[in-house]
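S.K.: have a look; sequence and predicted model below, questions after that.
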Amino acid sequence: MRAALIRTPGTGPVVGEHPDPGGLVVDVLAAPITPLDLLCASGTSYFGVPATPYVPGVQGVGTLPGAVVWFASSAGMAPGDGSMAERAAVAEDDVVVLPSGVDPVLAAALGLSAVAAWMCLTWRGRLVEGETVIVLGAGGVVGEAAVQLARLAGAGRVVACARSQSALDLARGHGADDCVPLAPDADVETLAAAMSAGGPADLVIDPLFGVPAAAALRALRPGGRMVHLGSAAAPTSAIDSATLRGRSLDVLGYTNNALDPALRRGAIEAVCGFAAAGRLTVRHERVPLADAADAWSRQAAGRTAGRIVLTP
(Lines give C-alpha, C1' and ligand atoms only; values in the text may rest on other atoms or scores of the structure.)
Protein backbone atom coordinates (compact mmCIF):
# COMPACT_ATOMS: atom_id res chain seq x y z
CA MET A 1 0.00 0.00 0.00
CA ARG A 2 1.02 3.66 -0.38
CA ALA A 3 1.98 5.44 2.82
CA ALA A 4 3.84 8.43 4.19
CA LEU A 5 6.94 7.14 5.99
CA ILE A 6 9.21 8.72 8.58
CA ARG A 7 12.57 7.13 7.87
CA THR A 8 14.74 9.40 10.03
CA PRO A 9 13.56 11.27 13.16
CA GLY A 10 13.78 15.01 12.64
CA THR A 11 12.98 14.84 8.94
CA GLY A 12 9.68 14.90 7.11
CA PRO A 13 7.94 11.90 5.55
CA VAL A 14 8.48 10.39 2.15
CA VAL A 15 5.72 8.61 0.27
CA GLY A 16 6.40 5.03 -0.74
CA GLU A 17 5.28 1.44 -0.56
CA HIS A 18 4.74 -0.13 2.86
CA PRO A 19 3.44 -3.56 3.93
CA ASP A 20 -0.30 -3.87 4.50
CA PRO A 21 -1.36 -3.98 8.15
CA GLY A 22 -2.99 -6.99 9.76
CA GLY A 23 -5.76 -7.40 12.31
CA LEU A 24 -8.69 -4.95 12.36
CA VAL A 25 -8.00 -2.69 9.37
CA VAL A 26 -9.59 0.63 8.43
CA ASP A 27 -9.61 1.93 4.86
CA VAL A 28 -8.39 5.47 5.44
CA LEU A 29 -10.40 8.40 4.09
CA ALA A 30 -8.65 11.30 5.83
CA ALA A 31 -5.57 11.77 8.03
CA PRO A 32 -4.76 15.15 9.61
CA ILE A 33 -1.22 16.41 10.17
CA THR A 34 -1.28 17.53 13.81
CA PRO A 35 1.24 19.19 16.15
CA LEU A 36 1.54 15.87 18.01
CA ASP A 37 2.56 14.12 14.77
CA LEU A 38 5.25 16.73 14.17
CA LEU A 39 6.50 16.48 17.75
CA CYS A 40 6.66 12.68 17.76
CA ALA A 41 8.50 12.58 14.44
CA SER A 42 11.06 15.11 15.67
CA GLY A 43 12.50 12.55 18.08
CA THR A 44 12.58 15.19 20.82
CA SER A 45 9.29 14.47 22.59
CA TYR A 46 8.92 12.90 26.03
CA PHE A 47 7.82 9.71 24.22
CA GLY A 48 11.41 9.23 23.09
CA VAL A 49 12.89 8.61 19.65
CA PRO A 50 10.44 6.57 17.54
CA ALA A 51 11.45 3.34 15.86
CA THR A 52 11.74 3.90 12.13
CA PRO A 53 10.51 3.55 9.51
CA TYR A 54 6.95 4.18 10.64
CA VAL A 55 3.74 5.66 9.26
CA PRO A 56 2.84 8.83 11.21
CA GLY A 57 -0.69 9.86 12.09
CA VAL A 58 -2.14 9.72 15.60
CA GLN A 59 -5.72 9.89 14.33
CA GLY A 60 -7.79 9.60 11.21
CA VAL A 61 -11.15 8.86 9.62
CA GLY A 62 -11.88 5.80 7.53
CA THR A 63 -14.31 3.01 6.86
CA LEU A 64 -15.05 -0.35 8.38
CA PRO A 65 -17.77 -2.56 6.88
CA GLY A 66 -21.01 -0.57 7.14
CA ALA A 67 -19.59 2.44 8.99
CA VAL A 68 -17.51 5.59 8.74
CA VAL A 69 -15.29 5.79 11.82
CA TRP A 70 -12.83 8.04 13.58
CA PHE A 71 -9.82 6.20 14.96
CA ALA A 72 -6.73 6.86 17.08
CA SER A 73 -3.26 5.36 16.98
CA SER A 74 -0.08 5.55 19.06
CA ALA A 75 2.17 6.14 16.03
CA GLY A 76 5.34 7.92 17.11
CA MET A 77 4.58 7.31 20.77
CA ALA A 78 4.91 3.52 20.63
CA PRO A 79 5.99 1.05 17.94
CA GLY A 80 3.47 0.78 15.14
CA ASP A 81 2.00 2.65 12.22
CA GLY A 82 -0.58 5.41 12.03
CA SER A 83 -3.16 6.95 9.74
CA MET A 84 -1.17 8.51 6.89
CA ALA A 85 -1.58 5.57 4.56
CA GLU A 86 -4.21 3.86 2.44
CA ARG A 87 -5.01 1.47 5.29
CA ALA A 88 -4.38 1.41 9.04
CA ALA A 89 -4.61 -1.20 11.79
CA VAL A 90 -6.80 -0.15 14.73
CA ALA A 91 -7.80 -1.37 18.17
CA GLU A 92 -11.52 -1.67 18.93
CA ASP A 93 -11.31 0.77 21.86
CA ASP A 94 -9.77 3.37 19.54
CA VAL A 95 -12.63 3.34 17.01
CA VAL A 96 -15.69 5.62 17.14
CA VAL A 97 -18.57 5.28 14.67
CA LEU A 98 -19.36 8.73 13.27
CA PRO A 99 -22.83 10.24 12.85
CA SER A 100 -24.45 10.06 9.44
CA GLY A 101 -23.77 12.99 7.16
CA VAL A 102 -20.50 14.23 8.64
CA ASP A 103 -17.79 15.13 6.11
CA PRO A 104 -14.86 12.74 6.76
CA VAL A 105 -12.27 15.41 5.99
CA LEU A 106 -13.87 17.92 8.38
CA ALA A 107 -14.20 15.21 11.03
CA ALA A 108 -10.48 14.50 10.69
CA ALA A 109 -9.62 18.21 10.87
CA LEU A 110 -11.67 18.57 14.05
CA GLY A 111 -10.56 15.32 15.69
CA LEU A 112 -8.68 15.53 18.96
CA SER A 113 -8.29 19.33 18.72
CA ALA A 114 -12.05 19.77 18.97
CA VAL A 115 -12.18 17.05 21.62
CA ALA A 116 -9.71 19.08 23.70
CA ALA A 117 -11.75 22.26 23.26
CA TRP A 118 -15.02 20.51 24.19
CA MET A 119 -13.62 18.73 27.23
CA CYS A 120 -11.83 21.84 28.49
CA LEU A 121 -15.14 23.67 28.39
CA THR A 122 -17.53 21.05 29.70
CA TRP A 123 -15.53 18.48 31.67
CA ARG A 124 -12.43 20.18 33.05
CA GLY A 125 -13.77 23.73 32.99
CA ARG A 126 -17.28 22.93 34.27
CA LEU A 127 -18.92 25.61 32.12
CA VAL A 128 -22.25 26.78 33.49
CA GLU A 129 -24.92 28.17 31.17
CA GLY A 130 -24.68 31.93 30.82
CA GLU A 131 -21.03 32.24 31.86
CA THR A 132 -18.41 34.33 30.06
CA VAL A 133 -15.57 32.45 28.37
CA ILE A 134 -12.24 33.85 27.16
CA VAL A 135 -10.65 31.79 24.38
CA LEU A 136 -6.94 32.41 23.88
CA GLY A 137 -5.35 31.41 20.58
CA ALA A 138 -8.63 31.68 18.69
CA GLY A 139 -6.72 31.51 15.40
CA GLY A 140 -5.59 27.92 16.00
CA VAL A 141 -7.69 24.81 15.45
CA VAL A 142 -8.34 24.30 19.18
CA GLY A 143 -9.23 27.95 19.65
CA GLU A 144 -11.40 28.18 16.54
CA ALA A 145 -13.35 25.15 17.72
CA ALA A 146 -13.53 26.46 21.30
CA VAL A 147 -15.18 29.73 20.24
CA GLN A 148 -18.01 27.82 18.57
CA LEU A 149 -18.25 25.07 21.18
CA ALA A 150 -18.42 27.57 24.04
CA ARG A 151 -21.58 28.97 22.49
CA LEU A 152 -22.97 25.48 21.85
CA ALA A 153 -22.24 24.55 25.48
CA GLY A 154 -24.27 27.50 26.76
CA ALA A 155 -21.80 30.37 27.24
CA GLY A 156 -23.51 33.72 27.56
CA ARG A 157 -20.56 35.71 26.22
CA VAL A 158 -17.42 34.65 24.34
CA VAL A 159 -14.23 36.73 24.14
CA ALA A 160 -11.85 35.60 21.39
CA CYS A 161 -8.16 36.51 21.52
CA ALA A 162 -5.77 36.03 18.60
CA ARG A 163 -2.76 37.62 16.92
CA SER A 164 -4.11 38.26 13.41
CA GLN A 165 -7.05 40.37 12.35
CA SER A 166 -8.19 37.62 10.00
CA ALA A 167 -8.42 35.18 12.92
CA LEU A 168 -10.40 37.71 14.96
CA ASP A 169 -12.75 38.33 12.03
CA LEU A 170 -13.26 34.58 11.71
CA ALA A 171 -13.96 34.29 15.44
CA ARG A 172 -16.56 37.02 15.24
CA GLY A 173 -18.16 35.15 12.36
CA HIS A 174 -18.26 32.09 14.61
CA GLY A 175 -20.18 34.00 17.27
CA ALA A 176 -17.57 35.73 19.45
CA ASP A 177 -19.01 38.79 21.18
CA ASP A 178 -15.69 40.56 21.73
CA CYS A 179 -12.34 40.19 19.99
CA VAL A 180 -8.98 41.12 21.51
CA PRO A 181 -5.79 41.35 19.42
CA LEU A 182 -2.73 39.70 21.00
CA ALA A 183 -0.03 42.10 19.87
CA PRO A 184 3.48 40.62 20.29
CA ASP A 185 4.62 43.59 22.39
CA ALA A 186 1.44 43.95 24.51
CA ASP A 187 1.92 43.94 28.28
CA VAL A 188 -0.11 42.00 30.82
CA GLU A 189 -2.04 44.98 32.19
CA THR A 190 -3.09 46.25 28.76
CA LEU A 191 -4.26 42.84 27.62
CA ALA A 192 -6.09 42.17 30.88
CA ALA A 193 -7.96 45.45 30.55
CA ALA A 194 -8.99 44.62 26.99
CA MET A 195 -10.08 41.09 27.90
CA SER A 196 -12.26 42.33 30.78
CA ALA A 197 -13.65 45.45 29.06
CA GLY A 198 -17.10 43.86 28.88
CA GLY A 199 -16.91 42.53 32.44
CA PRO A 200 -14.94 39.80 34.21
CA ALA A 201 -14.87 36.29 32.79
CA ASP A 202 -15.76 33.00 34.46
CA LEU A 203 -13.60 30.61 32.42
CA VAL A 204 -10.44 30.86 30.28
CA ILE A 205 -9.41 28.29 27.68
CA ASP A 206 -5.63 28.62 27.31
CA PRO A 207 -3.58 26.84 24.62
CA LEU A 208 -0.94 29.62 24.70
CA PHE A 209 0.50 30.31 28.20
CA GLY A 210 3.04 33.18 28.38
CA VAL A 211 1.82 36.79 28.59
CA PRO A 212 -1.73 36.03 27.29
CA ALA A 213 -2.36 33.53 30.11
CA ALA A 214 -1.09 35.93 32.78
CA ALA A 215 -3.39 38.64 31.40
CA ALA A 216 -6.40 36.33 31.17
CA LEU A 217 -6.05 35.35 34.82
CA ARG A 218 -6.41 39.01 35.76
CA ALA A 219 -9.58 39.18 33.66
CA LEU A 220 -11.27 36.43 35.70
CA ARG A 221 -13.85 37.07 38.42
CA PRO A 222 -13.16 35.84 41.96
CA GLY A 223 -13.47 32.05 41.92
CA GLY A 224 -12.93 31.89 38.16
CA ARG A 225 -11.20 29.04 36.33
CA MET A 226 -8.49 28.71 33.72
CA VAL A 227 -7.97 25.45 31.83
CA HIS A 228 -4.45 25.27 30.41
CA LEU A 229 -3.71 22.88 27.55
CA GLY A 230 -0.76 24.20 25.58
CA SER A 231 2.23 26.51 25.35
CA ALA A 232 2.05 27.88 21.81
CA ALA A 233 3.10 31.36 23.01
CA ALA A 234 5.69 30.41 25.65
CA PRO A 235 6.65 27.48 27.92
CA THR A 236 6.44 29.68 31.03
CA SER A 237 4.17 32.46 32.28
CA ALA A 238 4.75 35.23 34.83
CA ILE A 239 1.60 34.58 36.85
CA ASP A 240 1.52 36.76 39.95
CA SER A 241 0.71 35.34 43.35
CA ALA A 242 -1.60 38.19 44.34
CA THR A 243 -3.98 37.51 41.45
CA LEU A 244 -4.19 33.80 42.22
CA ARG A 245 -4.63 34.21 45.97
CA GLY A 246 -6.66 37.40 45.98
CA ARG A 247 -9.31 35.99 43.66
CA SER A 248 -9.13 32.34 44.77
CA LEU A 249 -8.65 31.23 41.16
CA ASP A 250 -8.46 27.65 39.88
CA VAL A 251 -5.75 26.88 37.29
CA LEU A 252 -6.40 23.44 35.80
CA GLY A 253 -4.20 21.43 33.47
CA TYR A 254 -5.66 19.38 30.64
CA THR A 255 -4.41 16.67 28.26
CA ASN A 256 -6.35 14.36 25.97
CA ASN A 257 -4.19 11.56 27.36
CA ALA A 258 -6.24 11.75 30.57
CA LEU A 259 -9.39 10.61 28.74
CA ASP A 260 -10.44 6.98 28.92
CA PRO A 261 -11.95 5.47 25.74
CA ALA A 262 -15.53 6.12 26.88
CA LEU A 263 -14.93 9.83 27.57
CA ARG A 264 -13.07 10.26 24.30
CA ARG A 265 -15.82 8.45 22.38
CA GLY A 266 -18.49 10.71 23.86
CA ALA A 267 -16.50 13.81 22.95
CA ILE A 268 -15.88 12.65 19.36
CA GLU A 269 -19.57 11.87 18.97
CA ALA A 270 -20.51 15.30 20.34
CA VAL A 271 -18.21 17.40 18.15
CA CYS A 272 -18.87 15.37 15.00
CA GLY A 273 -22.59 15.57 15.72
CA PHE A 274 -22.31 19.36 15.74
CA ALA A 275 -20.30 19.19 12.50
CA ALA A 276 -22.88 16.95 10.83
CA ALA A 277 -25.57 19.47 11.79
CA GLY A 278 -23.59 22.33 10.25
CA ARG A 279 -22.94 23.99 13.61
CA LEU A 280 -19.17 23.42 13.91
CA THR A 281 -16.31 23.78 11.47
CA VAL A 282 -12.61 24.69 11.39
CA ARG A 283 -10.39 25.89 8.59
CA HIS A 284 -8.78 22.98 6.84
CA GLU A 285 -7.09 22.04 3.59
CA ARG A 286 -7.47 18.74 1.73
CA VAL A 287 -4.17 17.47 0.25
CA PRO A 288 -3.50 14.19 -1.61
CA LEU A 289 -1.37 11.64 0.26
CA ALA A 290 1.08 11.81 -2.64
CA ASP A 291 1.92 15.38 -1.57
CA ALA A 292 2.49 14.48 2.09
CA ALA A 293 6.10 15.71 2.18
CA ASP A 294 5.24 19.24 1.05
CA ALA A 295 2.12 19.33 3.21
CA TRP A 296 4.12 18.25 6.27
CA SER A 297 6.68 20.98 5.62
CA ARG A 298 4.00 23.66 5.23
CA GLN A 299 2.13 22.56 8.37
CA ALA A 300 5.37 22.56 10.38
CA ALA A 301 6.25 26.05 9.17
CA GLY A 302 2.74 27.43 9.74
CA ARG A 303 2.33 28.18 6.04
CA THR A 304 -1.28 27.09 5.90
CA ALA A 305 -4.60 28.35 7.18
CA GLY A 306 -5.90 25.70 9.54
CA ARG A 307 -5.30 21.96 9.55
CA ILE A 308 -3.95 20.02 6.55
CA VAL A 309 -5.76 16.73 6.00
CA LEU A 310 -4.24 14.03 3.78
CA THR A 311 -6.56 11.98 1.59
CA PRO A 312 -5.29 8.68 0.07
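M.R.: Okay, I see it.

S.K.: chain neighbours aside, what residue packs nearest to residue 290?
M.R.: Nearest residue to residue 290, sequence neighbours excluded (C-beta to C-beta, 6 or more residues apart in numbering): residue 15, at 5.8 Å. For the C-beta atoms, the positions are set from N, CA and C on the backbone; glycine is no exception.

S.K.: any idea what that neighbour is bridged to?
M.R.: Beta-bridge pairing of residue 15 under DSSP bridges involves residue 4.

S.K.: show me what contacts it?
M.R.: Going by C-beta atoms under 8 Å, 6 or more residues apart in numbering, residue 15 touches 2, 3, 4, 5, 289, 290, 292, 293.

S.K.: show the pLDDT at it.
M.R.: In the prediction, the pLDDT value recorded for residue 15 is 98.

S.K.: where's it relative to residue 7, distance?
M.R.: Distance of residue 15 to residue 7, given as C-beta to C-beta, to the nearest Å: 11 Å.

S.K.: how about residue 96?
M.R.: Using C-beta to C-beta, we find residue 96 at a distance of 31 Å from residue 7.

S.K.: more neighbours: the two, which one.
M.R.: Per other C-beta atoms under 10 Å, whichever of residue 96 and residue 7 has more neighbours is residue 96, with 20 against 12.

S.K.: hang on, that one is in a strand, isn't it?
M.R.: Yes - counting by DSSP: H, G, I helix; E, B strand; the rest coil, residue 96 is part of a strand.

S.K.: any idea how far apart the tips of stretch 158-172 sit?
M.R.: 9 Å (C-alpha to C-alpha, to the nearest Å).

S.K.: and stretch 246-263, by the same measure?
M.R.: This stretch, stretch 246-263, spans 34 Å end to end (C-alpha to C-alpha).

S.K.: list the buried residues in that stretch.
M.R.: By neighbour count on 16 or more other C-beta atoms under 10 Å, the buried set for stretch 246-263 is 247, 249, 250, 251, 252, 254, 256, 259.

S.K.: residue 20 and residue 89 touch, don't they?
M.R.: No - between residue 20 and residue 89 there is no contact, the gap being 9.2 Å when judged by C-beta atoms under 8 Å.

S.K.: ok, these two, which is more surrounded?
M.R.: residue 89 (18 against 11).

S.K.: list the contacts of the more buried one.
M.R.: 21, 22, 23, 24, 25, 26, 80, 81.

S.K.: can you give me the helices for the stretch 151-300 of the chain?
M.R.: 165-173, 188-195, 210-218, 241-246, 261-276, 292-301 (DSSP state H, counting those that start in this stretch).

S.K.: deepest in the core, which of those is it.
M.R.: Each of these was scored by mean neighbour count; the highest is helix 210-218, a mean of 24, by mean count of other C-beta atoms under 10 Å.

S.K.: from the contact counts, what lies against that helix?
M.R.: Applying 3 or more C-beta pairs under 8 Å, 6 or more residues apart in numbering; DSSP states H and E, we find helix 210-218 packed against helix 188-195, strand 201-206, strand 220-228, helix 241-246.

S.K.: and the average pLDDT for the first one is what?
M.R.: I take that to be helix 188-195. Per-residue pLDDT values over helix 188-195 give a mean of 97.

S.K.: which helices and strands does that helix pack with?
M.R.: strand 157-162, strand 178-181, helix 210-218.

S.K.: angle of it against helix 210-218?
M.R.: Using axes from the mean of the first three to the mean of the last three C-alpha atoms, to 10 degrees, the inter-axis angle of helix 188-195 relative to helix 210-218 is 60 degrees.

S.K.: redo the helices and strands packed on helix 188-195 as TSV? Include distance to residue 198 and mean pLDDT.
M.R.: Converted to TSV, these look like this (distance: least, C-beta to C-beta, whole Å; pLDDT from 0 to 100):
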stretch	distance to residue 198	mean pLDDT
strand 157-162	7	98
strand 178-181	5	98
helix 210-218	14	98
